[in-house]
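[1] here is a sequence with its predicted model. Questions after.
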Amino acid sequence: LFLMYGQGHLDPEQNCDELEKFARLVAPRFSNKDSEGTLV
């Protein structure tokens, strides 16, 4: 995972919104593993 954050591509408020959405919608998908240890 490569997270481009704080590089000046978005306004500071948009950065915060995008980071919040990432943390809420995307990151949780990488927190569970199946019985073989594969991230699901």
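    Received, thanks.
[2] just want the most central residue of the chain.
    Closest to where the C-alpha atoms of the chain average out (Cα atoms, centre = their mean) is Phe22, at 3.6 Å.
[3] quick one: secondary structure of that residue?
    Following DSSP: H, G, I helix; E, B strand; the rest coil, we place Phe22 in the helix state.
[4] and the gap between it and His9?
    Per Cβ to Cβ, to the nearest Å, Phe22 is found 14 Å from His9. The C-beta positions use only the backbone N, C-alpha and C, and glycine is treated the same way.
[5] next: Lys21.
    Lys21 sits 15 Å away from His9, going by Cβ to Cβ.
[6] with Ser31 instead?
    For Ser31, the distance to His9 equals 26 Å [Cβ to Cβ].
[7] repeat for Ala23
    Counting by Cβ to Cβ - Ala23 and His9 are separated by 18 Å.
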